[in-house]
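Student: sequence isn't available, so here's the structure alone:
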């Protein structure tokens, strides 16, 4: 089957990666400007080398040969080609592994990243919370609490709202929902059949002047009230992604200190998750404006020491993605705002790809910088050798070949980070498959044991039911027993 290219995912990917308005990296800008200036200088020196000595000596043939050899050997083609070749190799390697980067400018910012900040929900966690407990207030039932919560959250697109609606599972007449209002980071309110429902966190209830019942249950709590009367709370919990721990460990291995997690969730579960993953800093119960203020603080602390990278899921964090020096969105084009707000899109919902991407960015720009230095050094040597008559046109081929070989070796090193990550992922998958296979065997063994015990209990019950009255139980034989009998006359 075919579909129109306009508006397709393929067009979005192409427009994203080849955006003409994307920022150019400083390394690429230096190569471009230096190559232009270097080319002009080489032409001027070449003409001077050919004309001045020819006038003085009268040997036009020899000095013009030297002059043209000088200009050919000192040409800036390698500077113009090898830099973009490194950048395209880095961008292509990332693309091959499911990561889209908006040009070499954002890639350079990732290479210079000094601090990484994660949003929690949908990034380090799966973003698909489950209800683990319902705590109704006195006079209410759990079913009433869930119903009112589902009606209050029906028009919200928050992940917890989706969880509540899924758990309720019954149709809701949208016509009965009037004056719906949602305050990000707090909660929602709506009128249902003349009754005002409020659902949100503890701060939301406090702002409404509603007293909540304290609960020590671990998890994020959604409090519900109707007409200023507290109905209870629903406790939800989200599961960390399989590679979240690997992500934080990988960033520490790359030298990052102060890896931070920001969330609007409660402090208790956020602290437990931070300790489980080894996160250095975390902020909880934050509204969107609080998260933005935290990023501004981090940016001011960094100053010129490095770049700030924020990793989110592209859902309701567009302002944070656009503020950070490098905004990374997990999960592809799930939101229309992602295209305009972030610099990097990780199509697979795998935060560990961020570690490989930063490693690739560093390798790419280290290679580009090394290529520039080596190429300039080779050009300088060849120019001197040409002037004193020890270089020929064959030297140009040798210089170009050496530069190309060095670039090729470096490009192989760029892909090394992804190969290691893929190898580690394969090992993790095999380990998970073995664990699942072992668990399945243990489960089957437990089922067989339970079935055996059930058969034994059933046999004993039948034996007791058939025991003749008045006879000694120990002297009576059960025909269902598997013992071998021998009749003796």
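Tutor: Done, it's in. Just so it is clear, the model here is predicted, and its values are computed rather than measured.
Student: could you pull out the strands for the stretch 251-400 of the chain?
Tutor: All strands of the stretch 251-400 of the chain, identified by DSSP state E, counting those that start in this stretch, fall at 260-262, 281-283, 307-312, 326-330, 344-346.
Student: how far away is residue 278 from residue 406?
Tutor: 38 Å (C-beta to C-beta, to the nearest Å). C-beta here means a position set from N, CA and C on the backbone, and glycine is covered the same way.
Student: more neighbours: which of these two?
Tutor: Under the neighbour definition other C-beta atoms under 10 Å, residue 278 and residue 406 were set side by side, and residue 406 has more, 17 against 14.
Student: what bits of this protein have low per-residue confidence?
Tutor: Using pLDDT under 70 as the threshold, the predicted model of the chain has low-confidence ranges 1-3, 5, 7-9, 17-22, 75-80, 332-337, 396, 416-436, 466-489.
Student: and the longest strand for it?
Tutor: In the chain, taking DSSP state E as the definition, the longest strand is strand 229-237.
Student: contacting residues around it?
Tutor: Under the contact criterion C-beta atoms under 8 Å, 6 or more residues apart in numbering, strand 229-237 has outside partners 129-137, 140, 142, 144-146, 148-149, 160, 163-164, 205, 210-213, 215, 217-225, 269.
Student: in its sheet, what does it sit against?
Tutor: Partner strands for strand 229-237, per DSSP bridges, with pairing direction: strand 130-136 (antiparallel), strand 220-226 (antiparallel).
Student: tell me the buried residues in the first one?
Tutor: For strand 130-136, the neighbour count (16 or more other C-beta atoms under 10 Å) marks 131, 134, 136 as buried.
Student: starting at the chain centroid, how far to that strand?
Tutor: Here strand 130-136 is found 29 Å from its chain centre; the criterion is C-alpha atoms, centre = their mean, to the nearest Å.
Student: what residues does that strand touch?
Tutor: Taking contacts as C-beta under 8 Å, 6+ apart, the residues outside strand 130-136 that touch it are 142, 144-146, 163-164, 167, 213, 215, 217, 219, 231-239.
Student: what subset of these is buried?
Tutor: 145-146, 163-164, 219, 231-238.
Student: of all pairs in the residues you listed, which one is the farthest apart?
Tutor: Between all members of the buried ones among the contacts of strand 130-136, the longest pairwise span (C-beta to C-beta) is found for 231 and 238 and amounts to 23.2 Å.
Student: re earlier: can I get the buried residues of strand 130-136 in a markdown table with distance to residue 251?
Tutor: As requested, those are exported to a markdown table (distance: C-beta to C-beta, whole Å):
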| residue | distance to residue 251 |
| --- | --- |
| 131 | 32 |
| 134 | 37 |
| 136 | 42 |
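Student: isn't residue 244 up against residue 124?
Tutor: Yes. Counting by C-beta atoms under 8 Å, residue 244 does reach residue 124; the two are 4.6 Å apart.
Student: mutual contacts of the two, please.
Tutor: Taking C-beta under 8 Å, 6+ apart as the contact criterion, the common neighbours of residue 244 and residue 124 are 277, 351.
Student: circling back: quick one: the strands paired with strand 229-237 as JSON lines, columns for distance to residue 250 too.
Tutor: Shown next, in JSON lines, are the strands paired with strand 229-237 (distance: least, C-beta to C-beta, whole Å):
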{"stretch": "strand 130-136", "distance to residue 250": "28"}
{"stretch": "strand 220-226", "distance to residue 250": "27"}
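Student: quick one: which of those is nearest residue 101?
Tutor: Comparing the strands paired with strand 229-237 by their distance to residue 101 (C-beta to C-beta), the top pick is strand 220-226, with 33.3 Å.
Student: what's that closest one in contact with?
Tutor: Contacts of strand 220-226 from elsewhere in the structure, counted by C-beta under 8 Å, 6+ apart, are 129, 145, 148-149, 152-153, 160, 164, 187, 195-202, 204-205, 208, 210, 212, 215, 230-238, 265-266, 269.
Student: so what's the residue nearest the centre of the chain closest to, chain neighbours aside?
Tutor: For the chain, the residue lying nearest the average C-alpha position, counting by C-alpha atoms, centre = their mean, turns out to be residue 351 (2.9 Å). For residue 351, the nearest residue in space outside its immediate sequence neighbours is residue 247; the separation is 4.4 Å by C-beta to C-beta, 6 or more residues apart in numbering.
Student: list the contacts for the one you found?
Tutor: Applying C-beta under 8 Å, 6+ apart, one finds that residue 247 lies in contact with 124, 351, 352, 354, 355.
Student: what helix or strand is it on?
Tutor: Assigned by DSSP states H and E, residue 247 falls within helix 244-253.
Student: and that helix, how far out from the chain's middle?
Tutor: Going by C-alpha atoms, centre = their mean, where helix 244-253 is centred and where its chain is centred differ by 12 Å.
Student: phi, psi of residue 347?
Tutor: Dihedral pair for residue 347: phi -60, psi -50, per degrees, to the nearest 10.
Student: oh, I was asking about residue 448
Tutor: Note on residue 448: backbone dihedrals following degrees, to the nearest 10 are phi -70, psi -40.
Student: list the contacts of it.
Tutor: Residue 448 sits in contact with no residue, where contact means C-beta under 8 Å, 6+ apart.
Student: use 56 as the first number for this chain going forward.
Tutor: Will do, 56 is the new start, and the previous item becomes residue 503.
Student: now it: how far from residue 195?
Tutor: Residue 503 sits 45 Å away from residue 195, going by C-beta to C-beta.
Student: cool, and residue 254?
Tutor: Taking C-beta to C-beta as the criterion, residue 254 is separated from residue 195 by 14 Å.
Student: all set, thanks.
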